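Asker: give me coordinates for this.
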Amino acid sequence: RAEPLQSGFSDFAMPSADARAHLAEPAQDALDRPLGAARAQVHGTYLIAQTRDGMVIVDQHAAHERLVYERLKAEREKSGIARQPLLLPEVVELDPVDADRLNAAAPDLASLGLVIESFGPGAVLVREAPAAIAGGNLQGIVRDVADALAEHGDAGSLERRLDHVLATMACHNSVRAGRRLRPEEMDALLREMEATPNSGQCNHGRPTYVELKLSDIEKLFGRR
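Answerer: All right, here's what the predicted structure looks like:
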């Protein structure tokens, strides 16, 4: 007699978060939203959402990176990026060339909410940071901003350089792959994506989500 097909099922990893209970009441309305109702997070990286006629898979890091970038860009265009003074200014040690590059760009960086000053050869002092990223890894942010300035140098327009710096800061402040999201966080991410221009692509041009129609899924299983 054939053995029941159950012995290997315990080896399958469960989703890292399950949104079904949280969305029990609003699920029907959320199904009609463009990105649907959050159902689960898998591999600590991808959100699974159900739509009325299919499903959506979202890369949480790529999506949130785009949202932070668009938020910072909108702040800059509207009234300037909100700054947050640091209780303890932070010293960042750098290659002397990078430190000089940052100091030369200090007025432009201040317009993006990042206020620095020279702190001797090969170092800068961070006094203020954009409020949206003030709790992030300032050491990494400043070093990556220096790399961004070096990459664009004087060849591009100031606007392009500033946009590149904003994208760099947004990457540092975005939800990382591997972070477990609560059901309400998944839902909020989907809703903000729907309300944000250009949210279908990350800052590097890669898709932030893919959609599979039910008809496409049925074809994969030979139902059509």
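
Asker: flag the helix or strand of the chain with the lowest per-element mean pLDDT.
Answerer: Least confident helix or strand, the chain: strand 17-18 with a mean of 67, by mean pLDDT, DSSP states H and E.

Asker: show me where the protein has helices.
Answerer: For the chain, the helices defined by DSSP state H occupy 27-31, 60-78, 96-104, 106-111, 138-152, 158-173, 183-195, 214-220.

Asker: residues touching the nearest residue to residue 211 once chain neighbours are set aside, list them.
Answerer: For residue 211, ignoring the flanking residues on the chain, the nearest one in space by Cβ to Cβ, 6 or more residues apart in numbering is residue 56 at 5.0 Å. Any C-beta I mention is one placed from the backbone N, CA and C, and that applies to glycine too. For residue 56, the contact set (Cβ atoms under 8 Å, 6 or more residues apart in numbering) comprises 35-36, 48-50, 209-212.

Asker: measure the most centrally placed residue in the chain to residue 31 for me?
Answerer: Taking Cα atoms, centre = their mean as the criterion, residue 65 is the residue nearest the geometric centre of the chain, at 2.1 Å. Remark: distance between residue 65 and residue 31 (Cβ to Cβ, to the nearest Å) = 27 Å.

Asker: spatially nearest residue to the residue nearest to the centre of the chain (excluding sequence neighbours)?
Answerer: residue 174 (3.8 Å).

Asker: the one you found and residue 70 touch, don't they?
Answerer: No - shown here, residue 174 and residue 70 do not form a contact pair, counting by Cβ atoms under 8 Å, at 11.6 Å.

Asker: contact partners for the closest residue to residue 80 other than its chain neighbours?
Answerer: In this structure, residue 80 finds its nearest non-sequential neighbour in residue 111, 7.0 Å apart by Cβ to Cβ, 6+ apart. Neighbour list for residue 111: 76, 80-81, 162 [criterion: Cβ under 8 Å, 6+ apart].

Asker: are any of the contacts of residue 56 buried, and which?
Answerer: Among the contacts of residue 56, those that count as buried by neighbour count (16 or more other Cβ atoms under 10 Å) are 35-36, 48-50, 209, 211.

Asker: which one of those residues is nearest residue 168?
Answerer: Residue 168 lies nearest to residue 209 out of the buried ones among the contacts of residue 56, by Cβ to Cβ, at 22.6 Å.

Asker: for that closest one, which non-adjacent residue is closest in space?
Answerer: Closest to residue 209 by Cβ to Cβ, 6+ apart is residue 58, at 4.3 Å.

Asker: hang on, the one you found packs against residue 35?
Answerer: Yes - using Cβ under 8 Å, residue 58 is in contact with residue 35, at 7.2 Å.

Asker: ends of stretch 30-43, how far apart?
Answerer: Stretch 30-43 has an end-to-end distance of 23 Å (Cα to Cα, to the nearest Å).

Asker: quick one: mean pLDDT for it?
Answerer: Averaging pLDDT along stretch 30-43 yields 93.

Asker: just checking the distance from that stretch to the centre of its chain.
Answerer: 18 Å (Cα atoms, centre = their mean, to the nearest Å).

Asker: for that stretch, buried residues please.
Answerer: Quick answer for stretch 30-43 (16+ other Cβ under 10 Å): 30, 33, 35-41.

Asker: quick one on the thing from earlier: count the residues that sit near the residue nearest to residue 65.
Answerer: 23 (other Cβ atoms under 10 Å).

Asker: same question for the one 10 residues further on.
Answerer: Close neighbours of residue 184, defined as other Cβ under 10 Å, add up to 12.

Asker: same question, the one 10 residues further on
Answerer: By the other Cβ under 10 Å criterion, the neighbourhood of residue 194 contains 12 residues.
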